[in-house]
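>>> Okay, sequence plus prediction incoming.
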Amino acid sequence: MESLRRALSGLPEQPRVVASGNFATPWELLAEVDRLLPTYRLWVLNAQPGIPDREGVELETSFVGVGMRTSPRLHYIPSRLSLVPLLFEKANPPDVVLLHTSAPRDGSVSLGTEVNVLPAAIEEVRRRGGVVIAQANRYMPYTHGDAVVKLDDIDLVVEADAPLQTPPPWQVDEASARIGQLVAGRVPDGATLQAGIGAVPDATLAALRDRKGLGVWTEMFSDSVLELERAGALDRDRPIMTSFLFGSPELYAWVDDNPRVRMQRTEATNNPAAIAQNPLMTSVNTALQVDLFGQANASRIGAKIYSGFGGQTDFIVGALHSRGGQALIALRSWHPRADRSTIVPLVDEPVTSFQMTAVVTEQGVAGVFGHDQKAQARNLIEHAAHPDVREELWEEAHALSLA
């Protein structure tokens, strides 16, 4: 690709390349860029397996995906997702932006399933005189809102058609289904929903099909929102607000040219002040551990980074400030692979979030917000912890002056 070689000429010695992440990576374009650049920094959110990972490539992100998680070249940059645009502006300016877009239409393309931090990256590259390159794909749905990018803001469009990735569905086991039912029992008609990634959020949304007038203001969604739409649970007069999405080909077909689905840049979707304006805002996220002080670790296993802050902190703050809102941490009481309790005396890892409304496990619902610290600990032990560790947790609670 001589045109691509020319577009990349004149870059600094080790340019920072920001590429679409999650399940919208422009694989063909990224492979060609990797072939042409001997050394560079690659910045991707929630990178999936297959990204370039070799000597000469430094991997950067503020949310670690499985494609970067075990790499010795990973540079994790802690940040709330809502603040990543400030990273691009101040600390980590991009030199190249690689987009995965729809086919051109009326002088524009759409970012399709992945908007997120890309508008901020495009603006910063344009300001700095860098390069914006798009892989245009007829399989990418044309979505609206901040997803629409003028062709004038793109230096080179490379056509490469390929079906979008569809992640495997989450397996909703008995424990996840029970947690979903408990969370759904707290969600009234007319609530606004945000749910994270995984079996528990999916089980929660599946248990809400009998509700009416629900809204969606979220960082991301998958097929469970389409199921709510088909069940008649969503308010048809309210747009569905999100920043990225992934799921089945059926989901991609539904969002294509759908005016109700409004794709927003992450500064908008994850702005706690904007989140708080939604009625009965209900944030449902998960964690690796919650301790007796109500602190959640959703980012690290030991000292090793597993994922990152993501949008959890943004949505917890926003939901707590919403009239009638609530921020829920939903997780299994026992981690099956680690074979240990997820309710612990005190998290050893850096804290991702705290002061949630309640913690929900398959054991029950433990109220946190509005309770003194001893009541918080008691609720977590009696209503959220696995029975096998409750006696041990009571001993630890005494040692921590929580009982």
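Perfect, thanks for sending it.
>>> Which residues are in contact with Ser341?
Neighbouring residues of Ser341 by C-beta atoms under 8 Å, 6 or more residues apart in numbering: Ser333, Trp334, His335, Ala385, His386, Asp388, Val389, Leu393. All C-beta spots, glycine's among them, are computed from the backbone N, C-alpha and C.
>>> I meant Ile240, not that one.
Contact partners of Ile240, counting by C-beta under 8 Å, 6+ apart, are Val216, Phe221, Val225, Leu234, Arg260, Val261, Arg262.
>>> at 7 Å what do you get?
Contact partners of Ile240, counting by C-beta atoms under 7 Å, 6 or more residues apart in numbering, are Val216, Val225, Arg260, Val261, Arg262.
>>> and if you look at Val351?
Gln295, Ala296, Asn297.
>>> what residue ranges in the stretch 1-150 of the chain are flagged as low confidence?
For the stretch 1-150 of the chain, no stretch has pLDDT under 70.
>>> quick one on the thing from earlier: export the contacts of Val351 as TSV, with columns for distance to Gly324, neighbour count and secondary structure.
As requested, the contacts of Val351 are exported to TSV (distance: C-beta to C-beta, whole Å; neighbours: other C-beta atoms under 10 Å; DSSP: H, G, I helix; E, B strand; the rest coil):
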residue	distance to Gly324	neighbour count	secondary structure
Gln295	25	20	strand
Ala296	22	27	strand
Asn297	28	21	strand
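>>> now, among those residues, which is nearest to Ile381?
Relative to Ile381, the closest of those is Gln295; by C-beta to C-beta it sits at 15.0 Å.
>>> The closest one: what's it in contact with?
Taking C-beta under 7 Å, 6+ apart as the test, what Gln295 contacts is Val347, Val351, Phe354.
>>> and if we set it to 10 Å?
287, 289, 344, 346-347, 349-356 (C-beta atoms under 10 Å, 6 or more residues apart in numbering).
>>> Tell me what it is bridged to.
In this entry, Gln295 is beta-bridged to Phe354, by DSSP bridges.
>>> Against Ala120, how distant is Gln14?
21 Å (C-beta to C-beta, to the nearest Å).
>>> Apologies, that question was intended for Leu74.
Distance of Leu74 to Ala120, given as C-beta to C-beta: 22 Å.
>>> Looking at these two, which has the bigger crowd around it?
Counted by other C-beta atoms under 10 Å, Leu74 and Ala120 do not tie: Ala120 has more neighbours, with 22 against 18.
>>> Out of the contacts of Val351, which comes closest to Thr25?
Asn297 (27.9 Å).
>>> so what's that closest one up against?
Counting by C-beta under 10 Å, 6+ apart, the residues that Asn297 touches are 287-291, 306, 342, 344, 347-353.
>>> do that again at 6 Å, thanks
By C-beta atoms under 6 Å, 6 or more residues apart in numbering, Asn297 lies in contact with Leu288, Gln289, Val347, Glu349, Thr352.
>>> For the first one, give me the backbone phi and psi.
Here the main-chain torsion angles of Leu288 (degrees, to the nearest 10) amount to phi -80, psi -40.
>>> Find the nearest non-adjacent residue to it, please.
Asn297 (5.3 Å; C-beta to C-beta, 6 or more residues apart in numbering).
>>> Can you give me the distance of that neighbour to Gln312?
Distance, Asn297 to Gln312, using C-beta to C-beta: 11 Å.
>>> Kindly report the same for Ala231.
Taking C-beta to C-beta, one finds Ala231 at 27 Å from Gln312.
>>> just Ala7 next, same as before
With distances defined as C-beta to C-beta, the gap from Ala7 to Gln312 amounts to 37 Å.
>>> who's more crowded, Ala231 and Gln312?
The neighbour comparison of Ala231 against Gln312 (other C-beta under 10 Å) goes to Gln312, with 28 against 15.
>>> surely the more buried one meets Ser353?
Yes. Between Gln312 and Ser353 a contact is recorded at 5.2 Å, counting by C-beta atoms under 6 Å.
>>> Verify the contact between His321 and Ala276 for me.
Yes. Under the criterion of C-beta under 6 Å, His321 makes contact with Ala276 at 3.8 Å.
>>> now the helices: where do they sit in the stretch 251-400 of the chain?
For the stretch 251-400 of the chain, helices defined by DSSP state H, counting those that start in this stretch occupy the ranges 266-269, 272-276, 312-321, 373-379, 390-399.
>>> which stretch among those helices comes nearest Asp210?
Set against Asp210 and scored by C-beta to C-beta, the helices of the stretch 251-400 of the chain come closest in helix 312-321, at 22.3 Å.
>>> any residues touching that closest one, and which ones?
80, 82, 194, 270, 272, 275-276, 281, 283, 285, 298, 325, 327, 352-353, 356.
>>> With stretch 156-176 instead?
Here stretch 156-176 has contacts from 3, 7, 23, 28-29, 133-139, 198-200, 202-203, 246, 248, 252, 332, 362, using C-beta under 6 Å, 6+ apart.
>>> Strands - which of those land there?
Among these, DSSP state E puts Ile133, Ala134, Gln135, Ala136 in strands.
>>> so who does the first one touch?
Contacts were defined as C-beta under 6 Å, 6+ apart; by that measure Ile133 touches Leu98, Leu156.
>>> Against Glu391, how distant is it?
59 Å.
>>> circling back: farthest-separated two in the contacts of Ser341?
His335 and Leu393 (15.1 Å).
>>> The two: who's more crowded?
Counted by other C-beta under 10 Å, His335 and Leu393 do not tie: Leu393 has more neighbours, with 23 against 15.
>>> For the more buried one, which non-adjacent residue is closest in space?
Distance criterion C-beta to C-beta, 6+ apart; nearest residue to Leu393, sequence neighbours excluded, is Ile381 at 4.8 Å.
>>> before we move on, the earlier item: tell me the one among the contacts of Ile240 nearest to Gln376.
Closest to Gln376, out of all of the contacts of Ile240 and judged by C-beta to C-beta, is Val216, at 30.0 Å.
>>> and the host helix or strand of that closest one, which strands flank it?
Following DSSP states H and E, one finds Val216 within strand 215-216. Taking DSSP bridges as the criterion, strand 215-216 forms sheet pairs with strand 192-195 (parallel).
>>> Contacts for the partner strand, please.
Taking C-beta under 6 Å, 6+ apart as the rule, strand 192-195 contacts Pro201, Leu205, Gly215, Val216, Trp217, Thr218, Asn278, Met281, Thr282, Ser283, Val284, Phe315.
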